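Asks: With the sequence up front, the predicted model follows.
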Amino acid sequence: MKITQISVFLENKKGRLYEVCSLLGKNNVNIYALTIAETESFGVLRIVVDKSDLAVKVLKQNNFVANITEVVAVEVADQPGGLAAILKILVNNDISVEYMYGFVEKFSDKAILVFRFEDTDKAQKVLIGNDIKIVTKKEIEDL
Amino acid sequence: MQRPALEALQLKRLREIANFSIRTPFYKKRFAKVGINSGDDIKSLKDLKKIPFTTKDDLRQNFPRGLLAVDMDDVVRIHTSSGTTGVPTVIYYSRQDLDNWTDLLARSIIATGATKSDIFQNMMTYGLFTGGLGLHYGAEKVGMTVIPASAGNTKRQLLLMKDFGTTVVHVTPSYLLHIHSVLPESNLTVSDLSLRKAYIGAEPHSENVRLKLEDLWKIDAYNSYGLSEMNGPGVAFECIYKTGLHIWEDGYLVEIIDPETGEEVPQGQQGEVVFTNLIRAATPLLRYRTRDLAFLIPGTCECGRTHRRLSRIMGRTDDMMIINGVNVFPSQIEEVIMKIHEVGTNYLIQVEKDGAIDKLIVKVEIYSKMFMGDARQLDGLKGKIKDDLRASIVINPIVELHEPGFLPISEGKAKRVLDLRPKF
């Protein structure tokens, strides 16, 4: 039930983000969601894409420092309180979020939230137990 | 002292030191090979040339007691590099050795025109480093009022200078420049202070740096030279004329050699400085290669001293860097970096000037396989490299993480050090 997130180490150099995006574009990889964790001297780019295996392959071939991380994607109603509802469940069950970000699905009224949990398995169990829809890898690829 | 009398004294002391040297297995063996079995076998100063050079490596190999020439009960102090370079060296001092050293420092201070009426603030690090304690005792011997401030804590340094009317400081040139830049923050100007003289040493500097310091502070700045193998500071010091450093030749025999051939170079030509310590019995070192490059200044000094003058240090024969007064070898940095798994094999050491302060930047490439996709992991890694380096070389570096392939790939001899500080 986990999906794949790709992390790319980016040193603080002009045009480096463009190079990543341009490379993925050329290889017909579509980016759904993107976030950057930055420090003063480098950044870590996190992306969710449709073809993650291909993306990692071409990134590594082009000497990018890239890695995959297992994250959990959940579907919520794209409306006020949607995220809060999910977080409430997590808080009540004492589950810590390392980081998260979201994106909106184009063809429905749903939003997708991407979570990195400290304890992924426990988090999944709790979410499923509370009837939260977890998005599968296949569904992400088919978006 | 006229030269013939000085040379007679040198020979007498060389014989005495030779007798102490023979008590160490290291020198006993070396001396026997060249037919010296006691000090009496040294007929003239020329016989010194028979003795092979002693190097830093000899000191390391004979750590900890291989060069100790007196009973441990007679040793009253140790200065050691132990703990910073990983390959330690040690110098032992007897009571008499310390007194001899202190005398030369007192002489150095007097040569600059300072007196017992001066207030002396010693801004060199106290402890295993010889710079702090050396001048401390010399200044006390002169009868100056000594403020043992040690290095660092600039605001407190300024307070001490103001409260006690410091007239003389002992300091690295870069730190004295830095202190000046902090004056405005402390709401002080040079005229609020009483500083008249500075003894600057522990790192090479140019004439321009001296002139700048003298101009900024409205003081006289005197160059000080020494190394722990020759006791510490007080090997050579400038007099009031500031035209080169008088080598206290009754304490140290000096030779300037071609570092390749080991032959003495003609007077006035640059070469590696070699010293024989004539005044330390506990750890005798004869014909010690300093790896410092300098030359002897021809002619006599206006002050009338017959002790010859050494130029400022023009460079090194090895790759040692001096960063804010601290000796650093690139190999020390490499040793730390290579122990860290997340780091690839390529790295670059960059040294820059940031105002008056040296900045050490260590650039490393991260090893792809160790990248877990987490910015915190990388931040932690940066912190670890920084901490490990600080523990090893005592300097706080700036660590930069780079993608593999960022740093130039070495072809043949790797160019790992980029010193961007202005040359002199």
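Replies: That came through fine.
Asks: hey, let's count contacts and neighbours off CA atoms from now on
Replies: Fine.
Asks: which residues does B:Lys384 contact?
Replies: For B:Lys384, no contacting residues are found, by Cα atoms under 8 Å, 6 or more residues apart in numbering or on different chains.
Asks: B:Leu245 is in contact with B:Arg309, isn't it?
Replies: Yes. The pair B:Leu245 / B:Arg309 is scored as a contact, 4.9 Å apart, by Cα atoms under 8 Å.
Asks: who touches both of these two?
Replies: In contact with both B:Leu245 and B:Arg309: B:Ala236, using Cα under 8 Å, 6+ apart.
Asks: tell me, how many neighbours does A:Val49 end up with?
Replies: Using other Cα atoms under 10 Å in any protein chain shown, A:Val49 has 23 neighbouring residues.
Asks: For it, give me its contacts.
Replies: Residues near A:Val49 by Cα under 8 Å, 6+ apart: A:Gln5, A:Val29, A:Asn30, A:Ile31, A:Tyr32, A:Ala33, A:Ala55, A:Ile140, A:Glu141.
Asks: Strands of the stretch 151-300 of chain B, residue ranges please.
Replies: B:168-171, B:197-200, B:220-227, B:232-238, B:245-247, B:252-257, B:271-277, B:288-294, B:296-297 (DSSP state E, counting those that start in this stretch).
Asks: Nearest to B:Arg376, out of the ones you listed?
Replies: strand B:168-171 (39.7 Å; Cα to Cα).
Asks: Which strands or helices does the closest one pack on?
Replies: Strand B:168-171 is packed against strand B:119-122, strand B:197-200, with contacts defined by 3 or more Cα pairs under 8 Å, 6 or more residues apart in numbering or on different chains; DSSP states H and E.
Asks: Report the backbone C-alpha coordinates of the last one in CSV.
Replies: Right, the one you point to is strand B:197-200. Only the C-alpha atoms of strand B:197-200 are listed here, as CSV (Å, rounded to 0.1, in the frame of the first residue of the first chain):
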residue,chain,number,x,y,z
LYS,B,197,53.5,47.4,21.3
ALA,B,198,52.5,44.1,20.0
TYR,B,199,54.5,40.9,19.7
ILE,B,200,53.1,39.1,16.8
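Asks: Can you list the strands that it pairs with?
Replies: Partners of strand B:197-200 in the sheet, by DSSP bridges, are strand B:168-171 (parallel), strand B:220-227 (parallel).
Asks: what does the longest one rub up against?
Replies: Meaning strand B:220-227. Residues external to strand B:220-227 that are found in contact with it (Cα under 8 Å, 6+ apart): B:112, B:130, B:196-202, B:210, B:213-214, B:232-240, B:242, B:244-245, B:312.
Asks: burial of residue 57, as a residue count?
Replies: Since no chain was named, I'll use chain A. Using other Cα under 10 Å, A:Lys57 has 12 other residues around it.
Asks: Chain B, not that one
Replies: With other Cα under 10 Å as criterion, B:Asp57 counts 11.
Asks: Next one: it from B:Leu285, what distance?
Replies: Distance, B:Asp57 to B:Leu285, by Cα to Cα, to the nearest Å: 13 Å.
Asks: same question, B:Tyr27
Replies: On the measure of Cα to Cα, B:Tyr27 and B:Leu285 end up 9 Å apart.
Asks: Over to residue 134: give its phi and psi.
Replies: Defaulting to chain A. For A:Ile134, the backbone dihedrals (degrees, to the nearest 10) come out as phi -100, psi 130.
Asks: Hmm, no, I was thinking of chain B.
Replies: Note on B:Gly134: its backbone torsions stand at phi -60, psi -60 [degrees, to the nearest 10].
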